[in-house]
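Peer 1: Sharing a model prediction with you, sequence too.
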Amino acid sequence: MTYERLLLILIIVASVAVSHLFLYFSFKRLSRLFYKPKSHKGEMALRKFSSSLKWGLFFVVFPLAEPYFSPEDMDYIRSQPWFAVLFIINLSWIVIEGFNVFRYYTLDTFAYDKSDNLRERRIITQLAFIRKIFIIVVVVIATASILMNFEAARKIGAGLLTSAGIAGIIIGLAAQKSIANLLAGFQIAFTQPIRIDDVVVVEGEWGKIEEINLTYVVVRIWDQRRLVLPITYFLEKPFQNWTRTTADIWGTVFLYVDHTIPVTPLKGYLKSILESTPLWDGKVQVLQVTDVRERTVELRCLMSAVDSPTAFDLRCLVREKMLEYIQTNYPECLPKTRVLMEEDASEKGPFAQP
């Protein structure tokens, strides 16, 4: 091994070491000027972005230094196809990890763990879908660019970029359902009939939108089951969205009691229940007689809460308290069946009094 070649190897090692050490000591300070992660996932995204930049800096520094140390009888390493392939892979890595940092910056800025989170959930839903499309585009472009660096595969790489129309027709014929789901995903991401963390009722199940992927949606059911639906479901079939414009919701409790129940005291007691619990948001409280049947009277207690889980807890509380109040104060007004027994005059004896 000649002196020049040994020196070149040392220059390669030194370039790797300098780029890694420089970013190891400077990246964290510089990144804090723009983004301070609030979550462990944000910290991990920054570390991965830093790792990609360390190698990226090497691919910038080494080609600049190579002409001064490369032996005259050897071609430049930077002109080799494999060096270009590694550069493209690293550049793709940097772009994807940079977008991930932007994603967690957005998640920290628009946190949706609060009651009035409509705007935040709209932005996060769009970002989640755009991220998936963005990664697919980056990988496709990187693959085509890598292929074009090799003479034998250049036609394949060029064809991958220039024949998208023909490929689209073939793929469309072979996978019409998948394409329909993908287009439906675009429509949902921007028209937003559903968003991340929306409360929905689908297929008779109450749950929250947990994931919106390219072709399917995951709904987390209240008992922690997951309902997986094709994304076109939310464009083709009716469903309930309880947080479409706001998280506020009204809850109802129905009581069935005897016709002799006094309604006015129940109205006062409902008000005292709601005023004594933080589950009530203070907006709506009504007790009305909504139906009179042959055996019972239907009373409807109407109340409001900040969101559907809170409304469920509030309804259970009101139902329990109202039942205890009726049992304690008006036990005779609980539902009952009446039987009227009359004596038949034909069965009376000859000495019976009229």
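Peer 2: Arrived safely, thanks for sending. Numbering: from 1, shown residues only.

Peer 1: Break down the stretch 51-200 of the chain into its strands, ranges please.
Peer 2: In the stretch 51-200 of the chain, the segments counted as strands under DSSP state E, counting those that start in this stretch are 199-202.

Peer 1: now it, which segments are flagged as low pLDDT?
Peer 2: The stretch 51-200 of the chain contains residues with pLDDT under 70 at 69-76, 111-118, 151-182.

Peer 1: If I look at residue 331, what pLDDT would I see?
Peer 2: In this prediction, residue 331 carries a pLDDT score of 91.

Peer 1: Not counting sequence-adjacent ones, nearest residue to the residue positioned nearest the centre of the chain?
Peer 2: Taking Cα atoms, centre = their mean, the centroid of the chain lies closest to residue 196, which sits 3.1 Å from it. Counting by Cβ to Cβ, 6 or more residues apart in numbering, residue 196 lies nearest to residue 125, which is 4.8 Å off, once chain neighbours are set aside. For glycine as for every other residue, the C-beta is placed from the backbone atoms N, C-alpha and C.

Peer 1: Dig out what the residue nearest to residue 242 when sequence neighbours are not counted forms beta bridges with.
Peer 2: Sequence neighbours aside, residue 199 is the residue nearest to residue 242 in space, at 4.2 Å (criterion: Cβ to Cβ, 6+ apart). For residue 199, the beta-bridge partners under DSSP bridges are residue 208.

Peer 1: And the helices in the stretch 1-150 of the chain?
Peer 2: Taking DSSP state H, counting those that start in this stretch as the test, the helices found in the stretch 1-150 of the chain are 3-32, 40-69, 81-109, 118-147.

Peer 1: got the buried residues for the first one?
Peer 2: Taking 16 or more other Cβ atoms under 10 Å as the basis for neighbour counts, the residues of helix 3-32 that come out buried are 8, 11, 12, 15, 16, 19, 20, 23, 27, 31.

Peer 1: May I ask which of those comes out lowest in pLDDT?
Peer 2: Lowest in pLDDT among the buried residues of helix 3-32 is residue 8, which has 66.

Peer 1: Look at residue 294 and give its secondary structure.
Peer 2: Secondary structure, DSSP: H, G, I helix; E, B strand; the rest coil: residue 294 is coil.

Peer 1: Could you check how far it is from residue 258?
Peer 2: As judged by Cβ to Cβ, to the nearest Å, residue 294 and residue 258 stand 12 Å apart.

Peer 1: Equivalent analysis for residue 22, please.
Peer 2: 83 Å.

Peer 1: swap in residue 11?
Peer 2: Using Cβ to Cβ, residue 11 is found at 95 Å from residue 258.

Peer 1: repeat for residue 138
Peer 2: 70 Å.

Peer 1: Kindly report the same for residue 200.
Peer 2: In terms of Cβ to Cβ, residue 200 sits 39 Å off from residue 258.

Peer 1: Of those two, which one has the most company?
Peer 2: Per other Cβ atoms under 10 Å, whichever of residue 200 and residue 258 has more neighbours is residue 200, with 22 against 16.

Peer 1: residues touching that one, list them.
Peer 2: Going by Cβ atoms under 8 Å, 6 or more residues apart in numbering, residue 200 touches 194, 206, 207, 208, 209, 219, 239, 240, 241, 242.
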